[in-house]
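Novice: Sequence first, predicted model second:
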Amino acid sequence: MASNNNQNKPTQTRVANMNHSPKKAMLLSIIPGMGQIYNKRKLKGIALFILFAAFAFVMFDFVTSGLQGLITLGTEARVDDSRVYLIEGILALLFTLFYAALYWINIQDAKNEAQKIRDGWVPGGVIENFRNSWDTAFPYVLIGPGFALLIFVVILPLLFMAFLAFTNYNLYNAPPRNLLSWVGFENFIRLVTLSEWRDTFLSVLTWTITWTFVATTLQISLAMFLAILTNDKRIKGKKFIRTILILPWAVPGFVTIIIFSALFNDNFGAINTDIIQPLFNTTIPWMTEVMWSRIAIIMIQVWLGFPYVYALFSGVLQGISDDWYEAAEMDGASRWQKFTNITFPHLMFATGPLLLTQYTFNFNNFNIIYLFNEGGPAIRGQNAGGTDILISWVYNLTFTNSQFSMAAAISLILGIIVATFAFFQFRRSRSFKEEGNM
Amino acid sequence: MNKLFKKISSNQMNRKQKSRFEVALIYLVLAVMFVIIAYPLFWAFAMSMNTTSNLYTASLSPENWSLENFKWLFTNPRSDYLLWYRNTLFVSTVVTIVTTLTVSFVAYAFSRYRFKGRKNGLYAFLLLQMFPVLMAMVALYILLNIVGLLDNLWGLILIYIGGGIPMNAFLVKGYFDTLPKSLDESAKMDGAGHFRIFFEILLPLAKPILSVVALFNFMTPFMDFILPRIVLRSPENYTLALGLYNFVNAQFSNNFSRFAAGAVLIAVPIATVYLMLQKYLISGLASGATKG
């Protein structure tokens, strides 16, 4: 390994330092910074040591009491607030993970540098080193603020919710008056064994799935139908037609849903008084009968949701080359054959993952359920309304029944379902493959 | 429909006639769709112009339309409309500025630097993008309650910013990826620092996507109803969407034309922006979701 023999680079004197051991650097790094000092980077080593020591010194009390609090959730009712203990515990947990990750990086860094030194690398001056570390640190500096926000606003609440699902937080056992305690999987077990919970859960779950499937599929089919119609060469004024068809997407959803809930009103809604009454001489109980409410909600969602898909499809259709269709015509293909063999595959290939998001969106489409009828009409023997989907049921459990732990447990189930969907979307989306090669 | 066509052609109808019939049929379908789309919107507009604030006696004919309801919203001492407008503007402005800045930083790092943890970070963002903030509403409610940000506009602002980061970061990252790398490399050769490359070269080039992100974030508080509903309690803190909802929620039939007037004032500008930017928004959202 004698680099002195290297004739190509005579100016560079690279002396392999066989005695410099990466293993030793790693072992020394158990005390952060020592490995770096061993690597002859004293300033860096001292800075690292001070940093790690200071963090450990300042945070030690917080972390130990936080983790302890996470286990006990407080000992004295009225004095200890279990919710605060829970949050501090999660923060302590996150901090510990963060610290451990840094510790690991520190050891790796010492090892890598020692390896480089062994292979003949000579660390530069202080200023050069400093610039190098600024270069490596820069992307983290950029990500820092966004990531911190994400941790406190998104990840912390999600974790808090997950932990909450395993406690007994409800109307009668609410901090700071009472202490919470860990109950394991009891909430989940109650959800599937106690008949009052099980019946509601099952009926809400079946409706959620039916709703997601029917509403989304209908809105996609309508969008496809209209996109194919408007793509016809013989149709004039396409720009105008497209603008009108996209209009429902452009108007804020909460406005249109409230308008629809007025239109569908049993007593004075225009749909009953102006259309159904004169034509069929009867009125339909859109708001008070479960089946009709469900039909109304699905129709409204189709109205609201088709334009976006329609716009996507129109874009794709305009991009399909005419050659395909001409070739198919030569072979005497029928309209239906052209659709199934050319149009449909093109549409699905280009928009597949996006259509999947439409399903996940409707699965959690709280807006329409709540704004149309607040999940109603009520069903006897259930604590969820007839059109309540899981997420709006969670809302009710949280804000009207104060069944926080149960709401968290159901949210967790929701989360798992969405995550499964997300996983499949992940694997199919191009980004996954592209990033995978990097 | 296919069968129908076959039947017609078997009736010796010639090709031209058949084609004309088809076109007519397409126009008919579109006309029906137009009516279905336009009716609720027109109805709401007509409501907003009605003098009577009562849903029972309101009429759709433009004979006795007036701007009474709009006047009421802005001048009546019992109307909080202007206050809600100010709240919403405040939330929107802060959210827009903070989000656009943080997101462009994050997107720049992910697009231009190869650093440890980059891939995992991207996956984390992709995953978080799938979970609506709403899913953690139990936790958000309790957390905000503990830190005293419940019924506070800052609490709302925080959630908007945090929840929007993953999705927006992907949009902007996708755009940065399309800008040629040779630009910043040559600037680096000339000795420009990291921040200078970012602020003086990439940021000006990314103006189109940044303005879309900014606009999008600005409009969200005007359209969103759920988060304000969870966070805000007292009427003087309401945002427009929540305030308008409470109009109809309190006395549904009596206040409806006032709600309609307030809604028209929000919906018209937002719909205009959407229609003007539709191509950009749809393709942008599409590439954000599929391309990363």
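Specialist: Alright, I've got the coordinates.

Novice: For residue B:219, see how far away the residue of the stretch 151-300 of chain A found nearest chain B is.
Specialist: Of all residues in the stretch 151-300 of chain A, residue A:153 sits closest to chain B, at 2.5 Å by Cβ to the nearest Cβ. Yep, even glycine has a C-beta here, placed from its N, CA and C like the rest. For residue A:153, the distance to residue B:219 (Cβ to Cβ, to the nearest Å) stands at 20 Å.

Novice: Straight-line length of stretch B:222-234, end to end?
Specialist: Chord length of stretch B:222-234, first to last residue, is 18 Å (Cα to Cα, to the nearest Å).

Novice: Contacts for that stretch next, please.
Specialist: A:252-254, A:366-367, A:370-371, A:399, B:88, B:92, B:133-134, B:137, B:140-141, B:144, B:149-153, B:155-156, B:159-160, B:221, B:238-242, B:245, B:266, B:270 (Cβ atoms under 8 Å, 6 or more residues apart in numbering or on different chains).

Novice: Rounded mean pLDDT for that stretch, please.
Specialist: Regarding stretch B:222-234, the rounded mean pLDDT is 87.

Novice: from the chain's centre, how far out does that stretch sit?
Specialist: 15 Å (Cα atoms, centre = their mean, to the nearest Å).

Novice: Show me what counts as buried in that stretch.
Specialist: B:222, B:223, B:224, B:225, B:226, B:227, B:228, B:229, B:230, B:231, B:232 (16 or more other Cβ atoms under 10 Å in any protein chain shown).

Novice: Check which helix or strand the residue sitting nearest the centre point of chain B maps to.
Specialist: In chain B, the centroid-proximal residue (Cα atoms, centre = their mean) is residue B:220; its distance is 4.8 Å. Element membership for residue B:220 (DSSP states H and E) is helix B:207-223.

Novice: sorry, back to before: just give me the closest of the buried residues of stretch B:222-234 to residue A:203.
Specialist: Lowest distance from residue A:203 to these (Cβ to Cβ) belongs to residue B:226, with 23.4 Å.

Novice: still on that earlier bit, mind listing what's buried in the helix holding residue B:220?
Specialist: B:209-210, B:212-223.

Novice: swap in stretch A:149-162?
Specialist: A:149, A:150, A:153, A:154, A:155, A:156, A:157, A:158, A:159, A:160, A:161, A:162.

Novice: hang on, the earlier thing: looking at the buried residues of stretch B:222-234, spot the one nearest residue A:138.
Specialist: For the buried residues of stretch B:222-234, the nearest to residue A:138 is residue B:227 (33.8 Å; Cβ to Cβ).

Novice: pLDDT weak spots in chain A?
Specialist: A:1-18, A:123-124, A:425-438 (pLDDT under 70).

Novice: whoops, the stretch 51-200 of chain B was the one
Specialist: B:52-64.

Novice: Point me to the helix or strand that includes the residue in it that chain A sits nearest to.
Specialist: The nearest approach of the stretch 51-200 of chain B to chain A comes at residue B:162, 2.5 Å away (Cβ to the nearest Cβ). Using DSSP H and E, residue B:162 sits in helix B:153-178.

Novice: Please name every helix or strand in contact with that helix.
Specialist: For helix B:153-178, the packing partners by 3 or more Cβ pairs under 8 Å, 6 or more residues apart in numbering or on different chains; DSSP states H and E come out as helix A:126-150, helix B:81-112, helix B:118-130, helix B:207-223, helix B:226-231, helix B:252-290.

Novice: Identify, out of the ones you listed, the most deeply packed stretch.
Specialist: helix B:226-231 (a mean of 23; mean count of other Cβ atoms under 10 Å in any protein chain shown).

Novice: Now do the one helix or strand residue B:138 maps to against helix B:153-178, angle only.
Specialist: Counting by DSSP H and E, the element that carries residue B:138 is helix B:137-147. With axes from the mean of the first three to the mean of the last three Cα atoms, to 10 degrees defining the directions, helix B:137-147 sits at 120 degrees from helix B:153-178.

Novice: Counting by contacts, list what helix B:137-147 packs against.
Specialist: Helix B:137-147 packs on helix A:82-118, helix A:156-164, helix A:390-399, helix A:404-428, helix B:226-231, going by 3+ Cβ pairs under 8 Å, 6+ apart.

Novice: Ok, which of the ones you listed comes nearest residue B:70?
Specialist: helix B:226-231 (22.9 Å).

Novice: just checking, next helix/strand downstream of the closest one?
Specialist: From helix B:226-231, the next helix or strand downstream (DSSP H and E) is helix B:240-250.

Novice: And the contacts of that next one?
Specialist: Against helix B:240-250 from outside (Cβ under 8 Å, 6+ apart): A:252, A:254-255, A:258, A:262, A:371, B:80-81, B:84-85, B:87-88, B:221-225, B:228-229, B:232, B:235, B:238, B:255-256, B:258-259, B:262-263, B:266.

Novice: Out of the contacts of stretch B:222-234, which end up buried?
Specialist: Applying 16+ other Cβ under 10 Å to the contacts of stretch B:222-234 flags A:252-254, A:366-367, A:370-371, B:88, B:92, B:133-134, B:137, B:140-141, B:144, B:149-150, B:152-153, B:155-156, B:159-160, B:221, B:238-242, B:245, B:266, B:270 as buried.

Novice: Any buried residues in the helix or strand where residue A:240 lies, and which?
Specialist: Using DSSP H and E, residue A:240 falls within helix A:238-250. For helix A:238-250, the neighbour count (16+ other Cβ under 10 Å) marks A:241, A:242, A:244, A:245, A:246, A:247, A:248, A:249, A:250 as buried.

Novice: I'd like those as JSON lines, with distance to residue A:49 appended.
Specialist: Formatted as JSON lines, the buried residues of helix A:238-250 follow (distance: Cβ to Cβ, whole Å):
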{"residue": "A:241", "distance to residue A:49": "70"}
{"residue": "A:242", "distance to residue A:49": "65"}
{"residue": "A:244", "distance to residue A:49": "69"}
{"residue": "A:245", "distance to residue A:49": "66"}
{"residue": "A:246", "distance to residue A:49": "61"}
{"residue": "A:247", "distance to residue A:49": "64"}
{"residue": "A:248", "distance to residue A:49": "62"}
{"residue": "A:249", "distance to residue A:49": "58"}
{"residue": "A:250", "distance to residue A:49": "59"}
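
Novice: Output the set of residues of the stretch 101-250 of chain A in proximity to chain B.
Specialist: A:105, A:135-136, A:138-140, A:142-143, A:145-147, A:149-150, A:152-158, A:160-161, A:164, A:226, A:229-230, A:232, A:234-235, A:241, A:243-250 (Cβ under 8 Å from any Cβ of the partner chain).

Novice: got the CA positions of the helix holding residue B:138 in PDB?
Specialist: Extracted C-alpha coordinates of helix B:137-147, given in PDB (Å, rounded to 0.1, in the frame of the first residue of the first chain):
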ATOM      1  CA  MET B 137     -58.000  15.600  16.000                       C
ATOM      2  CA  VAL B 138     -58.500  14.000  19.500                       C
ATOM      3  CA  ALA B 139     -54.800  14.600  20.200                       C
ATOM      4  CA  LEU B 140     -54.800  18.100  18.700                       C
ATOM      5  CA  TYR B 141     -57.800  19.100  20.700                       C
ATOM      6  CA  ILE B 142     -56.200  17.900  24.000                       C
ATOM      7  CA  LEU B 143     -52.800  19.200  23.200                       C
ATOM      8  CA  LEU B 144     -54.000  22.700  22.200                       C
ATOM      9  CA  ASN B 145     -56.100  22.700  25.300                       C
ATOM     10  CA  ILE B 146     -53.100  22.000  27.500                       C
ATOM     11  CA  VAL B 147     -50.800  24.600  25.900                       C
END
